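> the following comprises the amino acid sequence and a computationally predicted model.
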Amino acid sequence: MVRHVSRPPTVGILTTHPPTLCGIAQFSTSLSRGLEANGVAVNVVRIGDGSPGTDPRVIGELVNGSAASVAASAELLNQGDIAVVQHEYGLYGGADGEEVIDVLAALHVPSIVVAHTVLRSPTPHQRSVLETIAATADHVVVMSDAAHHLLCVGYDVDRRKISTIPHGATVAAGAGVKRSGRPTLLTWGLLGPGKGIERVIDAMASLRTLPGRPRYYVAGRTHPKVLAAEGEAYRDARRDQASRCGVADSVSFDAEYRSVASLSALIQSSAAVVLPYDSTEQVTSGVLVDALANGRPVIATAFPHAVELLSGGAGIVVDHDDPDAMASALHRVLTQPRLAGSMASEARLLAPKLAWPVVGAAYLALAKRLVAAKPALV
């Protein structure tokens, strides 16, 4: 028997979720809203971290390391029409998060796995885990062409089960805010080693004599896992670096938690967004998508998602180990209004297809297809 669902399917999402602080929690919350904008009912099974939540969407919690909780979580997801499972190696219990395979194997409803990370050079066990996930799930969604290519050529997977749906964003309305005062270069997100903040601080020394005395603004709390292991060592080291470079008055850190509206206003007030990440493998960046959705020029190191999205002119990509190129790119955006304007215009052209309701509609279309194709239990 084939399922026929005339109404929008009910979607169960397995994910981290607020008050957990991480990019996937933010992603899933926004995806839920994008699905709801398309008339979809959303239930969430939250990966527990000991913090209490109040979102009425949450119908249960997965306790990592508990076989009983794995079984109970699968049953909660089975109450809907389809399950959307967020995947990142550090989310679930077991080596490389392999416990998620047990959840997927216990599902009777169709399943979509959203792969947030696809590594170019995984360990043998990481490769095995992702290949088993792809074999067990009904479909796998990646969020960039780079991730799609890596998964199809670097892993033993059924290519027919892989789709690309872009990372969504809250698209800014109108023409943005009027910028005044010191030109601001902005980096935001959970802070910790690997963010590459040191690259921009080094470059600020060559920018301090520019008209308007540009400043570098770093917004975001320290990542909870980094905070637990190292405290504020990374943030403190960057403050010390700014002092040594003579740019302490041009580098600011802000650990305030911001709402979507507050963050959007901050992004639009910037002259440019800088993504100076250390990673050469990042195939998905929500910060990059948010920057484009807010119509801002972007300067980024050459991680795959940046290379892909900025190739049309919305930003400048620089090599990771080229500090002169970073300084030059920042100088160009700050001193060439026509260049910055053209990058912002290109970003605004990309923005509409990144809107969460549009992304939610793409997930809904995929969900309907999978539900229709999956034989119903009789």
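Nice, I can see it.
> my guess is Gln282 meets Pro304, correct?
Yes. Applying CB atoms under 8 Å, one finds Gln282 in contact with Pro304, separated by 6.5 Å. Quick note: C-beta positions are derived from backbone N, CA and C, even for glycine.
> now do the helices in the stretch 151-300 of the chain.
Here the stretch 151-300 of the chain has its helices, by DSSP state H, counting those that start in this stretch, at 197-204, 224-230, 233-244, 260-268, 286-293.
> using CSV, write out the CA atom coordinates for stretch 305-313.
Provided in CSV are the C-alpha atoms of stretch 305-313 (Å, rounded to 0.1, in the frame of the first residue of the first chain):
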residue,chain,number,x,y,z
HIS,A,305,30.9,27.2,0.8
ALA,A,306,32.4,30.6,0.5
VAL,A,307,34.1,29.7,-2.8
GLU,A,308,30.8,28.5,-4.1
LEU,A,309,28.5,31.4,-3.0
LEU,A,310,30.9,34.3,-3.5
SER,A,311,32.0,33.2,-7.0
GLY,A,312,29.3,35.5,-8.6
GLY,A,313,30.7,38.7,-7.1
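> and the helices of the stretch 151-300 of the chain as JSON lines, adding mean pLDDT and mean neighbour count?
Below are the helices of the stretch 151-300 of the chain laid out as JSON lines (pLDDT from 0 to 100; neighbours: other CB atoms under 10 Å):
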{"stretch": "helix 197-204", "mean pLDDT": "96", "mean neighbour count": "22"}
{"stretch": "helix 224-230", "mean pLDDT": "90", "mean neighbour count": "14"}
{"stretch": "helix 233-244", "mean pLDDT": "96", "mean neighbour count": "16"}
{"stretch": "helix 260-268", "mean pLDDT": "89", "mean neighbour count": "17"}
{"stretch": "helix 286-293", "mean pLDDT": "94", "mean neighbour count": "25"}
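> quick one: closest of those to Asp158.
Asp158 lies closest to helix 286-293 among these, at 27.3 Å (CB to CB).
> tell me the centre residue of the chain?
Gly286 (3.2 Å; CA atoms, centre = their mean).
> next, the contact list for that one, please.
With CB atoms under 8 Å, 6 or more residues apart in numbering as the criterion, the residues that contact Gly286 are Gly23, Gln26, Phe27, His167, Ala169.
> contacts for stretch 163-173, please.
Contacts to stretch 163-173, defined as CB under 8 Å, 6+ apart, come from residues 27, 30-31, 34, 139-145, 147-148, 260, 264, 267-268, 284-286, 289-290, 292-295, 351-356, 358-360, 362-363, 366.
> burial of the closest residue to Gly246 other than its chain neighbours, as a residue count?
Spatially, and ignoring its direct neighbours in sequence, Gly246 is nearest to Ala205 (6.4 Å; CB to CB, 6 or more residues apart in numbering). Look at Ala205: counted by other CB atoms under 10 Å, it has 15 neighbours.
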